[in-house]
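J.: sequence? don't have it. structure:
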Ligand SMILES: [Zn+2]
C-alpha cells in the first residue's frame, strides 16, 4: 500500500543510498496533487522544504522506478541549492540538463529511459482512468 509511510521509507532509502554526502536539513516528503504533466515538485514552506510526489502515483500500476526517479530528481534540486540551505549552483534549476546529468552520474540512466517509454506508452491512458477514481480512494498524506 503506497501510503505516507511507504513514501517516507522510499525517500529515506534513496537519500541515504544515492545522496549520502548531501546534508539534509528540515526536508519532508508528501503525496500531493493529481497532476498530468508534473510528477513532483520542491518548495520551501513554513515547516521546512517540501518535496511533493503526484498523488496519482499511489496507484500500483505506476512503476516504482518512476517514483524513485521523481524523488531523486527533487533531491538533486535540493542539492543544487534550490529551496534548500545549500549554496545555489545554477541560475535555473534545469540549466543545461543538470538534473539529468546528475541522475545519470548516480546510476539512474536505466530509469530515465524506462520512464520515457512508460510516459509515452502508458501514462496518459492511465491518467485518464485515474481521474475517474474518487479522490477519497487516495491517501491524504
Ligand atoms: Zn525539476
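T.: Right, received. Where do you want to start? Keep in mind the model is a prediction, meaning the values are calculated, not measured.
J.: element containing the nearest residue to residue 61 once chain neighbours are set aside, please.
T.: Nearest residue to residue 61, sequence neighbours excluded (Cβ to Cβ, 6 or more residues apart in numbering): residue 126, at 5.9 Å. From N, CA and C alone the C-beta is placed, and that goes for glycine too. For residue 126, the host element (DSSP states H and E) is helix 124-130.
J.: Return the distance of that helix from the chain's centre.
T.: 19 Å (Cα atoms, centre = their mean, to the nearest Å).
J.: so where's the protein shaky on pLDDT?
T.: Where the chain drops to pLDDT under 70, the residues are 141.
J.: All the strands of it, residue numbers only.
T.: Using DSSP state E, the strands of the chain run over 27-32, 40-45, 48-54.
J.: Kindly compare burial across those and name the winner.
T.: Most buried of the strands of the chain by mean neighbour count (mean count of other Cβ atoms under 10 Å) is strand 48-54; its value is a mean of 21.
J.: What are the contacting residues of that one?
T.: 7, 11, 25-35, 38-44, 67, 70-71, 74-75, 78, 83-84 (Cβ atoms under 8 Å, 6 or more residues apart in numbering).
J.: For residue 1, the count of nearby residues, please.
T.: By the criterion of other Cβ atoms under 10 Å, residue 1 has 7 neighbours.
J.: er, residue 35 actually
T.: The burial count for residue 35: 16, using other Cβ under 10 Å.
J.: circling back to that earlier point, could you redo the strands of the chain as TSV and give each row distance to residue 120?
T.: Shown next, in TSV, are the strands of the chain (distance: least, Cβ to Cβ, whole Å):
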stretch	distance to residue 120
strand 27-32	24
strand 40-45	19
strand 48-54	17
